[in-house]
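Student: quick check, what structure comes out for this input:
(chains A and B)
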Amino acid sequence: MSVRDYIRERFFPQMWCPGCGHGIVLNSLLRAVEQLELDKNDMVMTSGIGCSARISGYVDFHTLHTIHGRALAFATGLKLSKPKLNVLVPMGDGDALAIGGNHFIHAARRNIDITAIVMNNRIYGMTGGQFSPLTGYDQKASTAPYATIDQSFDVVEISKAAGASFVARTTAYHAMEAVDLLKKAISHKGFSVVEILSQCPTHFGRRNKQGDASSMLELYKKNSAKLGSKALENNPELIARGVFVENDTPEYCREYEKVIQRATKGKAS
Amino acid sequence: MNKKIKFVQGNEACVAGALYAGIDFFAGYPITPSTEVAELLARQLPEKGGKFIQMEDEIASMCAIIGASLTGNKVMTATSGPGFSLKQEALGYACMAEIPCVVVNVQRGGPSTGNPTHVSQGDVNQARWGTHGDHSIIALTASNHQDVFTMTVDAFNLAETYRTPVILLFDEVVGHMREKLVVPEPGELPLVDRLRTSVKKGVDYHPYLPREDGRLPMSDFGAEHRYNVTGLFHDMWGFPSNNPKIVNELLHHINDKIENNVQAITRYKEYFLDDADYVFISFGSSARSAIHLAKNRRARGEKLGVLELQSLWPFPSALVREKCAKAKAVIVVEMNMGQVVKQVKSAVDRPEDVFLANRIDGELITPTNIKTLLRVIQGRGV
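Tutor: Numbers count the residues shown, from 1 in each chain, chains lettered A, B, ... in the order given. Predicted coordinates for the structure are as follows:
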């Protein structure tokens, strides 16, 4: 199959702004699925609300575009009811960690076999550029005209603390690295988080004077470094990229099979 | 003794009904007075290979059952007052995306935290209008455990038939009271499964293109047809659209499929209505007091009758009008500040002859409470 076989061409062109990083995330995700040779009938994508959430319309999987912040809760029901399905949940930063923060930490705690992708553009784009929990301190947004005083979550740290068994981070600049990380995340049996920094030139970039899409991508290149690299060692202020957690904590759906075993044995005796 | 006869709480009767109806998946969150539903299903669902999950909150529980319904499961959640409020957004999603599910609300006193361990019937209007936007909804209720069982089975059947959330509006007295339940034999009550598409693999399936009869055959997530589901207005592919024609047609469709079938959805019972001068209209535990009073006064020659509503939404206006046509007065017995009485007034020919007998203090309304009002209406004094 080619990457094109995984999209719904009928619904293109997509609705994102010129220069948006989300198209790069979609591209990396499709390549990951294609390289893993996954059957489209086994693929489900569940999304919430926001620019990022529209990604589900364009992929030729079973797709569920839900309500703001709750994509992981829908996905949890879906996955537990039919564990053979491969469930991908792309979310924006506000979707995943503001309104959806509770579902995010609990899905990680359960370690249910879902791949969460945080498409982090540090802004609410669809509503016109309000700050999110990932915008960070001293940034401009339409609801922070005097700059933010809010501190940011660190997606990697919160995922680790909540119990995710696979945690990785990359950026839209590192599209091939993203393919590799997404392949690992999708193949991992447990709750996987991949944070992908994705530029929003329309709102974040414009308000914070980061230039156009290519300058923003350049910044990702300049401001990040691979885990274990010399560059990171020399400058720990850089954004670390790579795999932060990969362990084999018991997976929720498999554990539930044990519950069924216990319940049915109890009945027989 | 016949094993099928049980002495149970109403919440247990609801669980027995759900299992009889073929529930596969339940997601819930602890809340009084509905918690027993979750506790019993945590034990009994895995015994038949079904799935139970305790979610992180009420919102997540509602979302999880919608996700599970899409893979072809029969699904339910259960809650009470505050939890019912929290579920409303996702409930509207199920209306819009037309996903079958059953939502139990064992009513307690509100608003807010209210009176968690005491009875109320204050969520009637919330069941109808809790979620935003024009939509229609089915809500069933019951006054005794046999009917709790039957209405639970019916709720699953209606959800699967109309591709819609169905609300089971029980109350604390019915939920916690213990009485007899006779579990029907398999096959005794009809069970309905959702209509599934006959469109073959490789042929275009239009998940949101209604057939001539208005129904939309489904395809399970994981099966051979891949499609989009959204809470946005959507076209026949399930893809978002704000085309005015599509918006207009879809809004009519999700309302009409229920409002055009009021008669088929209506459930009720009647007691001594044929020659009744005074008609009580009630539902849930308050109907027990109305029925008790009517029986007692009948023995003394007073012509009292009861119309017990078992479906509250869509409201059976035609039925109410017909049954009240000859009554000198109609007394609506409910434990709220007058939610069903407004529907009754707008349904009957003489709204001035409709009265409210209510109690809102967390105690079950008694036959004596109702009798006091009846005597005033009859001009006999208290």
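
Student: which ones are touching residue A:21?
Tutor: Residues near residue A:21 by C-beta atoms under 8 Å, 6 or more residues apart in numbering or on different chains: A:119, A:121, A:172, A:196, A:197, A:198, A:199, A:200, A:213, A:216, A:217. Quick note: C-beta positions are derived from backbone N, CA and C, even for glycine.

Student: CSV for these, including secondary structure, distance to residue B:11 and pLDDT?
Tutor: Shown next, in CSV, are the contacts of residue A:21 (DSSP: H, G, I helix; E, B strand; the rest coil; distance: C-beta to C-beta, whole Å; pLDDT from 0 to 100):
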residue, secondary structure, distance to residue B:11, pLDDT
A:119, strand, 43, 98
A:121, coil, 46, 98
A:172, coil, 51, 98
A:196, strand, 46, 98
A:197, strand, 49, 98
A:198, coil, 47, 98
A:199, coil, 52, 98
A:200, coil, 49, 98
A:213, helix, 57, 98
A:216, helix, 56, 98
A:217, helix, 57, 98
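
Student: out of those residues, who's nearest chain B?
Tutor: Minimum separation from chain B among those (C-beta to the nearest C-beta) is found for residue A:119, which lies at 18.2 Å.

Student: ok, what's across the strand from the residue lying closest to residue A:50 once chain neighbours are set aside?
Tutor: Once flanking residues are discounted, residue A:50 sits nearest to residue A:92: 4.1 Å by C-beta to C-beta, 6 or more residues apart in numbering or on different chains. Residue A:92 has these beta-bridge partners by DSSP bridges: residue A:119.

Student: which residues does the closest residue to chain B within the stretch 1-150 of chain A contact?
Tutor: When scored by C-beta to the nearest C-beta, the stretch 1-150 of chain A has residue A:77 as its residue closest to chain B, at 3.1 Å. By C-beta under 8 Å, 6+ apart, the contact list for residue A:77 reads B:25, B:27, B:53, B:63, B:64, B:65, B:66, B:67, B:68, B:75.

Student: kindly report the same for residue A:148.
Tutor: Applying C-beta under 8 Å, 6+ apart, the residues near residue A:148 are A:131, A:135, A:136, A:137, A:138, A:139, A:140, A:141.

Student: secondary structure element for it?
Tutor: Secondary structure from DSSP states H and E places residue A:148 outside every helix and strand.

Student: have a look at chain B and report its longest helix.
Tutor: helix B:145-162 (DSSP state H).

Student: below-threshold pLDDT in chain A: ranges please.
Tutor: The model of chain A has pLDDT under 70 over residues A:266-269.

Student: which residue packs closest to residue B:144, ignoring adjacent ones?
Tutor: Closest residue in space to residue B:144, ignoring its immediate chain neighbours: residue B:179 at 6.6 Å, by C-beta to C-beta, 6+ apart.

Student: let's see the pLDDT reported for the one you found.
Tutor: What the model reports as pLDDT for residue B:179 is 98.

Student: and the next helix or strand past the helix or strand where it lies?
Tutor: In this assignment (DSSP H and E), residue B:179 forms part of strand B:178-182. Helices and strands here follow DSSP H and E; after strand B:178-182, the next one along the chain is strand B:228-230.

Student: which positions within that following strand qualify as buried?
Tutor: For strand B:228-230, a neighbour-count test (16 or more other C-beta atoms under 10 Å in any protein chain shown) marks B:228, B:229, B:230 as buried.

Student: not counting sequence-adjacent ones, nearest residue to the first one?
Tutor: Pointing back at residue B:228 there. residue B:238 (4.1 Å).

Student: how close does the one you found sit to residue B:197?
Tutor: 13 Å (C-beta to C-beta, to the nearest Å).

Student: so between these two, which is more surrounded?
Tutor: residue B:238 (22 against 17; other C-beta atoms under 10 Å in any protein chain shown).

Student: what secondary structure does that one sit in?
Tutor: Three-state call for residue B:238 (DSSP: H, G, I helix; E, B strand; the rest coil): coil.

Student: I'd say it and residue B:225 touch.
Tutor: No. Counting by C-beta atoms under 8 Å, residue B:225 is not a contact partner of residue B:238; they are 10.7 Å apart.

Student: residue ranges of the helices in chain B, please?
Tutor: Remark: helices assigned in chain B by DSSP H are B:10-21, B:35-44, B:58-70, B:81-86, B:88-97, B:124-129, B:145-162, B:172-176, B:244-259, B:262-265, B:284-299, B:317-324, B:340-347, B:367-377.

Student: what's the closest of those helices to chain A?
Tutor: So among the helices of chain B, helix B:58-70 is nearest, using C-beta to the nearest C-beta, at 3.1 Å.

Student: let me know how buried residue 184 is, in neighbour terms.
Tutor: Just going to use chain A. Close neighbours of residue A:184, defined as other C-beta under 10 Å, add up to 17.

Student: that's the other chain; I wanted chain B
Tutor: When neighbours are defined as other C-beta under 10 Å, residue B:184 has 16 of them.

Student: cool, residue B:67 as well?
Tutor: Counted with other C-beta under 10 Å, residue B:67 comes out at 33.
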